[in-house]
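Student: Here is a sequence together with a model predicted from it:
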Amino acid sequence: MAVQTTEKDYYLNFVNGEWVPSSTNERTKNINPANNDDLVGYVQKSTKEDLDQAVAAAKAAQKEWKNLSGDERGKILYKAADILESRIDEVAETMTREMGKTLPEAKGETARGVAIFRYYAGEGMRKVGDVIPSTDKDAFMFTTRVPLGVVGVITPWNFPVAIPIWKAAPALIYGNTVVLKPATETAVTCAKVFECLAEAGFPAGVVNMVSGPGSVIGQGLAEHSDVNGITFTGSNSVGKQIGQTVLARGGKYQLEMGGKNPVIVAADADLDLAVDATISGGFRSTGQKCTATSRVIVQSDVYEAFKEKLLTKIKDITIGNGLEDNVWMGPSASENQLNTVLSYIQKGVEEGGSLLLGGERLSGETYDKGYFVQPTVFEGVTSDMTIAQEEIFGPVLALMKVDSIEEALDLANDVEYGLSASIFTTNIQKMLSFINEMDAGLVRINAESAGVELQAPFGGMKQSSSHSREQGQAAVEFFTSIKTVFVK
Ligand SMILES: NC(=O)C1=CN([C@@H]2O[C@H](COP(=O)(O)OP(=O)(O)OC[C@H]3O[C@@H](n4cnc5c(N)ncnc54)[C@H](O)[C@@H]3O)[C@@H](O)[C@H]2O)C=CC1
Ligand SMILES: O=C(O)CCC(=O)C(=O)O
């Protein structure tokens with residue numbers, strides 16, 4: 001196996017079992033968003049020609065790969081898990097340097113990647129179909145599943161290890177081959193995951209990675225007639241464009257997009273628990289999760305008490321370079337993302353929200369070379385304001401006061417998204433109303449809005465997804481087709 005770099009800090013594409021530069025040899029420089037003097041590495045700025053080579057390799061490898069037994073494919077996934085586990089510290093440190101989340105979070109995410117590999121490795125030994133009684137007494141009818149073929153995987157920068165793995169691992173175990181386009185912002189971290197895949201011994205062409213601009217490599221994958229399915233996580237606008245492109249050529253697609261996730265705090269809630277979960281859900285990963293809490297809907301009886309506890313605790317948050325001990329929140333992942341967050345904050349003020357805390361870019365010696373923003377809390381936010389409707393992807397909470405749980409539920413549902421939602425209450429009737437009435441793919445009771453478990457289905461309602469689900473057993477629905485067999 002060729003080594004992954006031609007020079008220190010240069011990361012190549014992985015195509016047909018080899019590490020290769022892009023055909024133009026152009027690169028993008030990735031720096032640490034906590035300290036822009038820190039160079040993380042250079043990644044390939046690939047072209048359509050590079051992509052075509054990867055797709056051709058994946059297509060050529062697919063038949064032999066699908067004809068292995070599930071157990072044989074699973075053994076390679078187990079090996080990938082072991083290799084990633086042995087490199088957890090290095091991969092996590094790269095993640096922290098490349099996109100800013102704190103080292104404990106990055107380690108947790110890498111460990112989750114290991115567990116996802118193992119979960120899907122085990123899938124190779126599980127049932128693939130059902131026996132269905134035929135109306136003909138002499139016939140035998142059953143279902144089996146077949147892979148799609150070549151799967152294009154387009155991933156974002158906010159979970160640079162877990163998302164590529166939770167899409168690629170099920171694709172592979174069910175017999176598909178993969179061409180993955182990582183977000184450029186975190187393509188070094190993804191290259192390290194691919195080093196693990198390269199070492200695990202996948203046959204040439206089964207897994208490929210091509211980095212480069214979304215408009216060229218992402219759009220190129222969506223348009224490619226030899227790519228049978230596209231799985232995407234990222235922004236709503238790009239997701240919809242991909243969906244339309246793939247649909248137009250009759251391919252299969254799966255989109256996981258934004259969220260505008262509420263937490264409801266009922267009058268009977270354990271307020272300390274609700275405060276901790278709101279902070280964790282809203283500010284971990286600097287608010288850059290599609291499952292992040294962004295709207296906090298509080299019953300008026302406990303509004304002032306909740307607000308006081310929340311603001312007191314937020315003031316204790318330590319902000320800085322996520323590699324340092326005792327730092328709880330890192331920077332925004334890029335200058336672009338920081339500017340997006342600051343512009344939403346400005347809009348919040350202009351549209352009449354009251355800024356209770358934060359709202360500024362952090363400055364001073366620790367912060368000037370990075371993209372740090374203060375944890376920010378608004379109150380007096382109404383549903384018609386931009387910060388109550390659009391995904392911010394930053395550490396910004398909007399407090400909204402309501403008189404009843406019915407009003408809270410109406411407000412919680414009054415957005416175009418429906419990914420995740422939480423309620424804090426000790427009352428069983430309120431829990432049940434919330435479970436029934438909340439339009440979200442993930443509803444959580446007395447727990448923060450983020451917190452996806454790899455063995456459970458994950459995906460959103462309304463504009464948050466293509467109405468499909470990924471992870472857990474649900475993944476089989478996207479990555480395979482059912483074949484109904486009738487034997488007589
Ligand atoms: N649902 C989620 O988990 C995520 C949501 N977002 C949201 O999107 C906003 C913007 O973040 P971006 O990184 O710009 O997201 P994005 O949607 O532009 O990027 C996601 C992936 O799509 C690729 N891509 C970009 N343009 C493409 C195109 N025309 N065709 C095909 N692929 C394309 C990107 O290179 C990346 O790999 C964030 O502020 C956040 O609100 C971003 C990342 C993850
Ligand atoms: O909350 C999580 O663990 C997953 C979030 C996610 O899928 C995302 O932000 O893209």
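Tutor: Great, that's in hand. Numbers count the residues shown, from 1 in each chain. Ligands and ions are numbered 1, 2, ... in the order given.
Student: what about residue 108, how many neighbours?
Tutor: For residue 108, the count of nearby residues is 14 (other CB atoms under 10 Å). Glycine gets a C-beta too; all of them are placed from N, C-alpha and C.
Student: Please tell me the pLDDT value assigned to it.
Tutor: As predicted, residue 108 sits at a pLDDT of 98.
Student: mind listing what it touches?
Tutor: Contacts for residue 108 were tallied using CB atoms under 8 Å, 6 or more residues apart in numbering; there are none.
Student: And what about residue 141, helix, strand or coil?
Tutor: Assigned with DSSP: H, G, I helix; E, B strand; the rest coil, residue 141 falls in the strand class.
Student: Distance check, it against ligand 1.
Tutor: Distance from residue 141 to ligand 1, counting by CB to the nearest ligand atom, to the nearest Å: 40 Å.
Student: What's the separation between that residue and residue 357?
Tutor: According to CB to CB, to the nearest Å, residue 141 stands 63 Å off from residue 357.
Student: which stretches of the stretch 1-150 of the chain form helices?
Tutor: Shown for the stretch 1-150 of the chain, the helices assigned by DSSP state H, counting those that start in this stretch span residues 48-66, 70-86, 88-99, 103-123.
Student: most packed of the ones you listed?
Tutor: Compared across the helices of the stretch 1-150 of the chain, helix 88-99 shows the largest average neighbour count, a mean of 23 (mean count of other CB atoms under 10 Å).
Student: mean confidence for that one?
Tutor: 98.
Student: what's it packed up against?
Tutor: Packing contacts for helix 88-99, counted by 3 or more CB pairs under 8 Å, 6 or more residues apart in numbering; DSSP states H and E, involve strand 27-32, strand 35-44, helix 103-123, helix 187-200.
Student: quick one, which of these is nearest to ligand 2?
Tutor: With CB to the nearest ligand atom, the closest approach to ligand 2 among the helices and strands packed on helix 88-99 belongs to helix 103-123: 7.9 Å.
Student: Would you mind listing the residues in contact with residue 260?
Tutor: By CB under 8 Å, 6+ apart, the contact set of residue 260 is 294, 295, 388, 389, 390, 391, 415, 416, 417, 419.
Student: what number of residues lie near residue 410?
Tutor: Counted with other CB under 10 Å, the neighbours of residue 410 add up to 14.
Student: What helix or strand is it located in?
Tutor: Take DSSP states H and E as the rule and residue 410 turns out to sit in helix 405-412.
Student: Can you show me the CA trace of that helix as PDB?
Tutor: C-alpha atoms of helix 405-412 as PDB (Å, rounded to 0.1, in the frame of the first residue of the first chain):
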ATOM      1  CA  ILE A 405     -47.600  23.300  27.400                       C
ATOM      2  CA  GLU A 406     -50.100  23.600  24.500                       C
ATOM      3  CA  GLU A 407     -48.600  26.900  23.600                       C
ATOM      4  CA  ALA A 408     -45.100  25.500  24.000                       C
ATOM      5  CA  LEU A 409     -45.900  22.700  21.600                       C
ATOM      6  CA  ASP A 410     -47.400  25.000  19.000                       C
ATOM      7  CA  LEU A 411     -44.300  27.200  19.200                       C
ATOM      8  CA  ALA A 412     -42.000  24.200  19.100                       C
END
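Student: Now tell me what touches the helix or strand following that helix from outside.
Tutor: Per DSSP H and E, the first helix or strand lying C-terminal to helix 405-412 is strand 417-418. Identification of contacts with strand 417-418 by CB under 8 Å, 6+ apart yields 258-261, 391, 439-441, 460-464.
Student: at 7 Å instead, please
Tutor: Strand 417-418 is contacted from outside by 258, 259, 260, 439, 440, 441, 460, 461, 462, 463, 464, using CB atoms under 7 Å, 6 or more residues apart in numbering.
Student: what about this structure, any weak spots by pLDDT?
Tutor: Scanning the chain for pLDDT under 70 picks out 1-7.
Student: For the closest residue to residue 190 other than its chain neighbours, give me its contacts.
Tutor: Leaving aside its chain neighbours, residue 190 sits nearest to residue 182 (3.6 Å; criterion: CB to CB, 6 or more residues apart in numbering). By CB under 7 Å, 6+ apart, the residues touching residue 182 are 155, 160, 164, 190, 209, 211.
Student: Show me which of those is closest to residue 97.
Tutor: In terms of CB to CB, no member of the contacts of residue 182 lies closer to residue 97 than residue 160, at 11.2 Å.
Student: Provide a list of residues in contact with that closest one.
Tutor: Contact partners of residue 160, counting by CB under 7 Å, 6+ apart, are 95, 98, 99, 182, 186, 189, 190.
Student: ok, now with 6 Å
Tutor: By CB atoms under 6 Å, 6 or more residues apart in numbering, residue 160 lies in contact with 95, 186, 189, 190.
Student: you'd agree it is in a strand?
Tutor: No - applying three-state DSSP, one finds residue 160 to be coil, outside a strand.
Student: Could you check how far residue 128 is from ligand 1?
Tutor: Residue 128 is 30 Å from ligand 1, by CB to the nearest ligand atom.
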